[in-house]
Structure formats: structure tokens, C-alpha cells
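# Okay, predicted coordinates and the sequence, questions at the end:
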Amino acid sequence: MAIEDAVILSALVGNLTDHSGTLQAAINEFYTLRRGRIDFLQEKAVILYQDYAYPKGPEQEARDRRLKDEMLMLEAFEAAATNKKLSDTFAKNSTNFLADVEFRNIIFGYDAEKISKEACIRMNQIERK
């Protein structure tokens, strides 16, 4: 997320011109763009921490078996492609974030360059092409 922040902030501040607004406007836009993603991922991190941060022992071993079984079950659903709805429901109810395609896309599919370019266009920092 720090790299995402750097990309967006550098675009917003780097494209400031006399007619595009102030540094404060760029910073405000940055916070507007980032706040929702930051809040969402912090909430997910707390949930994941509660499930992933067991000390070595029986709870951790049980969790590891459950996660392994969940991934095997999900792979079977996806391989059979017989019940996409069941697969999606299973993934959404799992604490195994890798099972949830939508969540993986949120984490790994975020395009900071595209978002910063759109913000610069909105702020009249660059022209739409």
C-alpha cells in the first residue's frame, strides 16, 4: 500500500499547475482516494490476524488443517465447474482470503496509476486523452 500511496501522491503533487489547484487540494484528493481502501484493508487485517496469529500448538495446527481442506475443496469446486454459486459462497465465508477471488482482485488488482490519472483529470491537472 505504501507503493500505491507513493504512485498516487506523486501524480497528484507532481502534476500541480497554476490552474489545477493547490497542494492542499491535491492532498485532500489523495485522502479521498485512499481512505476507503485503507479502512477496508485494515478491517480485513484484523479479521485475518484473529485467524492467522495462533502460537504453535493445537489451535494453529487445527487452523492449518482447516485452511488446507478449504483450499482442496475450493479447487475441486473450480475444477468441476459444476457449482459456481456454491464455490463463491464457500469462498466468501472462509477466512482463507486466497479462496475469495473478489478479495484477491481487490488486493492484487488495484491499479494505482489508472486511479491517479483519473484523479488528475478530475482536478484538471492533465488533459483527457
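That came through, no problem.
# drop to CA atoms for contacts and neighbour counts, all remaining ones
Will do.
# Tell me where the model's unsure across this protein.
18-20, 77-95, 98-99, 126-129 (pLDDT under 70).
# quick one, longest helix in it?
As assigned by DSSP state H, the longest helix anywhere in the chain is helix 23-52.
# same for it, what does it pack against?
Identification of packing neighbours for helix 23-52 by 3 or more C-alpha pairs under 8 Å, 6 or more residues apart in numbering; DSSP states H and E yields helix 2-14, helix 58-80.
# Kindly reformat those helices as a markdown table containing mean neighbour count.
Below are these laid out as a markdown table (neighbours: other C-alpha atoms under 10 Å):
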| stretch | mean neighbour count |
| --- | --- |
| helix 2-14 | 16 |
| helix 58-80 | 14 |
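# Is it possible to get TSV of the ones you listed that adds distance to residue 107?
Below are those laid out as TSV (distance: least, C-alpha to C-alpha, whole Å):
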stretch	distance to residue 107
helix 2-14	11
helix 58-80	19
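# Nearest approach to residue 40 belongs to which of those helices?
Nearest of these to residue 40, taken as C-alpha to C-alpha: helix 2-14 at 15.0 Å.
# center of the protein, which residue is that?
Central residue of the chain (C-alpha atoms, centre = their mean): residue 107, 2.9 Å from the mean position.
# Quickly find the element holding that residue.
helix 101-108 (DSSP states H and E).
# Report the buried residues of the longest helix of the chain.
26, 29-30, 33 (16 or more other C-alpha atoms under 10 Å).
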